[in-house]
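Novice: Output the structure for:
(one chain, ligands or ions: 1)
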Amino acid sequence: MSEGLEAFVKWCNSRGYKFNGLEIVRPPGDCGHGIFVKQNFRAEDVMIQIPETEMITAGAVADLPRYSKILAQADNLLTPMEILTMFFCLEEIGESPWTPYLRVLPKSFDTPSYQKRDFDPKTLPLSVRSYWENQKKEIHSITNKLIKLCPEVDSERILWAWHVVNTRCIFVENSEHEMVDNTDGDTIAVIPFVDMLNHQPTSFQGIAKHERVNGTYVVRATRTVVEGSELFVCYGPHENARLLIEYGFTLKNNPYGKVFIPHDVLFTLARIAGIQVTREHERIIQEINLPSHLYATDEGPSWALRNNIRVLLLDHEQMKDAKWKAIIYSHDPIEDEVDELIEDKLKIIIRELRDGIAAKTQKISDDVKWMWEEQVLICDTALKSFEQDE
Ligand SMILES: C[S@@+](CC[C@H](N)C(=O)[O-])C[C@H]1O[C@@H](n2cnc3c(N)ncnc32)[C@H](O)[C@@H]1O
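Specialist: Residues are numbered from 1 along each chain as shown. Reported below is the predicted structural model:
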């Protein structure tokens, strides 16, 4: 273990962190540090236990005299993200009580934002387009605010600090705090040690939770965890483009790969497949508001997509006087004939979608081409699922 890690573990112990049977390791590859298991654990066993007072939340930062002074000078309340970013901007190695922790934080990030790669949103798959646009807006706005409030920091430091928070924060439900703007919620915390856990979408073994009754933040085993393995948690059902933009990495065989089909695209594809889509169909689809997705698993098109096609196949009579509700929300099995028709139309729709995406892939720049190629593969997987059914 490096000197820095040793000092960090010592610091964690001195502050009451409990993580018997675990160690922080830097495994080969470029995923930074990770937590490895030195003994077997059974399902439900507590693996990590941290006093809740150690959670770095916006409220906890706002209670520190240095920060409450700065926050009092601001024209408006700051959001949790802004306050946490300010914290990581201003805490200095050597001066800060968090020094051993600050020393083991990454020095840089592989996200497009940190690497100064600017995607044209129009070239990104729809499923991540608004995520990318919002991320850019957020970084821009935080930079402007913090530069005014803390003249000693520059935009590079703010970009680094924002990434520390964004790649490491965890969902928690914080109590209201008078110095924190919680208009859009106050649900983030950075928790040293817990933030060393890497992401695994399907076979993760840890689940993290704030247990208020015990005054602790704990990570429990979701199943048996065997000595020698890396302990993972799941950051969320994220596809690769999102993982790259948010965290700076991608996964081989990511089961959360998905193709999002917005309603207007679905209507166009349905018309190509010979469905007579009327204004009323469009209205009902908007009312039900189920997003149409294809997923990278081999289970075929999602239930929501099938359901949307079922709506588009309703005839005029079935849509009259809201009769469609009884049909669409019924728990009865779909009649074979309708089911077959949905299947036939879906095959045409997905093939059209696939060919459209493949054509786009040819014209798109190299840095985002892989995102579209992944989408083509997902369509191919969906098309293969029909062959299995035959
Ligand atoms: C919450 S931190 C986890 C600890 C981090 N590895 C470290 O060294 O501090 C999240 C970051 O870890 C890395 N990471 C997490 N899971 C990964 C994975 N499965 N593959 C590659 N990198 C991963 C990414 O850099 C991500 O931004």
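
Novice: hey, let's count contacts and neighbours off CA atoms from now on
Specialist: Fine.

Novice: Show me which positions of the top helix by length along the chain end up buried.
Specialist: Longest helix of the chain, by residue count under DSSP state H: helix 336-363. Of the residues in helix 336-363, 342-343, 345-354, 357-358, 361 count as buried by neighbour count, 16 or more other C-alpha atoms under 10 Å.

Novice: Contacts only, for Gly32.
Specialist: Neighbouring residues of Gly32 by C-alpha atoms under 8 Å, 6 or more residues apart in numbering: 26, 106.

Novice: That one: which element?
Specialist: Using DSSP states H and E, Gly32 falls within no helix or strand.

Novice: From Met196, how far off is it?
Specialist: Distance, Gly32 to Met196, by C-alpha to C-alpha, to the nearest Å: 9 Å.

Novice: So for those two, which residues contact both of them?
Specialist: Taking C-alpha under 8 Å, 6+ apart as the contact criterion, Gly32 and Met196 have no common neighbours.

Novice: element containing the residue in the chain sticking out farthest from the centre?
Specialist: When distances are taken from the C-alpha mean of the chain, Glu317 lies farthest, 42.3 Å away, according to C-alpha atoms, centre = their mean. For Glu317, the host element (DSSP H and E) is helix 316-319.

Novice: Now do that helix: which elements does it pack against?
Specialist: Taking 3 or more C-alpha pairs under 8 Å, 6 or more residues apart in numbering; DSSP states H and E as contact, there are no helices or strands that helix 316-319 lies on.

Novice: How about the contacts made by Thr361?
Specialist: Contacts of Thr361 by C-alpha under 8 Å, 6+ apart are 369, 372-373.

Novice: Rebuild these as a markdown table, extending it with neighbour count and pLDDT.
Specialist: Below are the contacts of Thr361 laid out as a markdown table (neighbours: other C-alpha atoms under 10 Å; pLDDT from 0 to 100):
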| residue | neighbour count | pLDDT |
| --- | --- | --- |
| Lys369 | 18 | 96 |
| Trp372 | 22 | 96 |
| Glu373 | 16 | 95 |
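
Novice: I'd like to know how many residues surround Tyr101.
Specialist: Neighbour count for Tyr101, taken as other C-alpha atoms under 10 Å: 19.

Novice: Dump the host helix or strand of it to CSV, keeping only the CA atoms.
Specialist: Element membership of Tyr101, judged by DSSP H and E, is helix 99-103. Backbone C-alpha positions of helix 99-103 (Å, rounded to 0.1, in the frame of the first residue of the first chain) are rendered in CSV as follows:
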residue,chain,number,x,y,z
THR,A,99,-5.7,16.3,4.0
PRO,A,100,-5.1,12.5,4.0
TYR,A,101,-8.4,12.1,2.1
LEU,A,102,-7.6,15.0,-0.3
ARG,A,103,-4.2,13.3,-1.1
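
Novice: which residues are in contact with that helix?
Specialist: Applying C-alpha under 8 Å, 6+ apart, the set of residues contacting helix 99-103 from outside is 4, 7-8, 11, 92-93, 192.

Novice: quick one: which of the residues you listed has the most company?
Specialist: Neighbour-wise, the contacts of helix 99-103 (other C-alpha under 10 Å) top out at Phe8, 22 neighbours.

Novice: who's in contact with it?
Specialist: Contacts of Phe8 (C-alpha under 8 Å, 6+ apart): 100-101, 104.

Novice: Which pLDDT value does the model give the closest residue to Phe193 other than its chain neighbours?
Specialist: In space, Phe193 comes closest to Cys12 once its chain neighbours are excluded; the distance is 7.7 Å by C-alpha to C-alpha, 6 or more residues apart in numbering. Listed pLDDT for Cys12 reads 98.

Novice: Cys12 sits in which helix or strand?
Specialist: Using DSSP H and E, Cys12 maps to helix 3-14.

Novice: Do a quick rundown of the strands in the stretch 201-350 of the chain.
Specialist: Assigned strands in the stretch 201-350 of the chain, in chain order: 206-211, 216-221, 230-233, 258-261, 292-295 (criterion: DSSP state E, counting those that start in this stretch).

Novice: Noted, bye for now.
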